[in-house]
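Student: sequence unknown, structure follows:
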């Protein structure tokens, strides 16, 4: 990894992001903070995405969020180490600011590994992670033992492991999640946060949440 602490560029990149900072560095932020529903923690790629999702979810849905390693990792960096540093940072801040909370968690493709690892750390500290919502998940080798909604775009075949090798993808997903549901939405790569796509994603998320009342 480069000499720079990856939380420093993360802090710089998120300085202009929406929402209220939860931590002193603004790497963990929140929208719809006063909502009464089970909070969702999301790992996004782009600065425009949190407000789009928060608006579609509605004011009663608290949305805590950070960002993935997108634009952070340099050619000579150790990706696993960068991921670990950022995941450990979020873990400490969540334990500090949201002790004992119940969470659902979600991520875009590049944030899946961080989020899945974070879910394991949080449950070891009695933060109750109930479900995962994962867009374009490549099924990284991080067994969570959690129910997961796996969302893929019908025009994004390259990033969907179930279309390249359905049997292998199913076997892998069964090892990573306690159960899973795979759904297809009308979207192409990089276009999951359009008005039409995000409404379909939120509908699928809420249906999955309702079907798994824990």
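Tutor: Perfect, I can see it now. Given the structure is predicted, the values throughout are model-derived calculations rather than measurements.
Student: buried ones in stretch 149-160, by neighbour count?
Tutor: Buried residues in stretch 149-160, defined by neighbour count with 16 or more other C-beta atoms under 10 Å: 149-153, 156, 160. Where you see a C-beta, it was placed from the backbone N, CA and C, and this is true even at glycine.
Student: ignore what I typed, I meant stretch 26-45.
Tutor: Neighbour counts using 16+ other C-beta under 10 Å place 26-32, 35, 38-45 of stretch 26-45 among the buried residues.
Student: ok, stretch 11-29 next?
Tutor: Neighbour-count burial for stretch 11-29, with 16+ other C-beta under 10 Å as criterion, is recorded at 11, 13-14, 17-19, 22-23, 25-29.
Student: give me the contacts around the longest strand seen in the chain.
Tutor: In the chain, with assignment by DSSP state E, the single longest strand is strand 177-188. With C-beta atoms under 8 Å, 6 or more residues apart in numbering as the test, strand 177-188 has contacts from 132, 144-156, 162, 173-174, 192, 194, 196-197, 200-201, 204, 208.
Student: which members of those occur in helices, if any?
Tutor: Residues of these located in helices (DSSP state H): 162, 173-174, 196-197, 200-201, 204, 208.
Student: biggest separation within the residues you listed, which pair?
Tutor: 174 and 196 (31.4 Å; C-beta to C-beta).
Student: all helices of this structure, in order?
Tutor: Counting by DSSP H, the chain has helices at residues 7-13, 49-57, 79-97, 112-124, 161-164, 166-176, 195-211.
Student: could I get those as CSV with mean pLDDT and distance to residue 66?
Tutor: Output for the helices of the chain, formatted as CSV (pLDDT from 0 to 100; distance: least, C-beta to C-beta, whole Å):
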stretch, mean pLDDT, distance to residue 66
helix 7-13, 94, 8
helix 49-57, 97, 10
helix 79-97, 94, 6
helix 112-124, 95, 8
helix 161-164, 92, 25
helix 166-176, 97, 21
helix 195-211, 94, 19
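Student: Serialize the buried residues of stretch 149-160 to a markdown table and add fields for distance to residue 108 and pLDDT.
Tutor: Formatted as a markdown table, those follow (distance: C-beta to C-beta, whole Å; pLDDT from 0 to 100):
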| residue | distance to residue 108 | pLDDT |
| --- | --- | --- |
| 149 | 14 | 98 |
| 150 | 13 | 98 |
| 151 | 10 | 96 |
| 152 | 12 | 95 |
| 153 | 12 | 92 |
| 156 | 12 | 81 |
| 160 | 14 | 91 |
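Student: check those and tell me the two furthest apart.
Tutor: Longest span within the buried residues of stretch 149-160, C-beta to C-beta: 149 and 156, 16.3 Å.
Student: what count of nearby residues applies to residue 126?
Tutor: By the criterion of other C-beta atoms under 10 Å, residue 126 has 10 neighbours.
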